[in-house]
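Chemist: Need a 3D model of the following:
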Amino acid sequence: MTIISWIILGLLAGAIAKFLLPGRDPGGFFGTTLIGIAGAFIGGWISARWLDHPITKNFYDGATWAAAIGGSLVLLILYRILFGNSRN
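Modeler: Modelled structure (predicted):
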């Protein structure tokens, strides 16, 4: 995948993760994209390392999307644990 497709995947995965975990999170287009891209990398690493399912480089692969969304969810949960009360 190209860097543009990683950014698009990250944006969409971050938006889906925010939809699944509504609440106060780092917001905006830029924050969602960063969480999604980082989540995609973390999800892919977890999938390849511990689940023995390496992620393909196909943009339309369901496992790639599941790993990206799962990684984004993990980052959102960690953000809420670390900084949840600081945005009151």
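Chemist: which element is Phe19 on?
Modeler: helix 3-20 (DSSP states H and E).
Chemist: typo on my end, it should be Ala66
Modeler: helix 62-83.
Chemist: Could you do Leu34 as well?
Modeler: Going by DSSP H and E, Leu34 is in helix 28-49.
Chemist: Which residues does that helix contact?
Modeler: If you take Cβ atoms under 8 Å, 6 or more residues apart in numbering as the criterion, helix 28-49 is touched by 6-7, 9-15, 17-18, 25-26, 53-55, 63-64, 66-76, 79. C-beta coordinates here come from the backbone N, C-alpha and C atoms, glycine included.
Chemist: So Leu73 is in contact with Ala17, correct?
Modeler: Yes - using Cβ atoms under 8 Å, Leu73 is in contact with Ala17, at 4.8 Å.
Chemist: Comparing the two, which residue is more hemmed in?
Modeler: Neighbour count, other Cβ atoms under 10 Å: between Leu73 and Ala17, Ala17 has more, with 24 against 20.
Chemist: what stretches of this protein score poorly on pLDDT?
Modeler: For the chain, residues meeting the criterion pLDDT under 70 lie at 1-2, 24-29, 53-59, 84-88.
Chemist: and Ser47, how far is that from Gly23?
Modeler: 26 Å (Cβ to Cβ, to the nearest Å).
Chemist: who's more crowded, these two?
Modeler: Ser47 (20 against 9).
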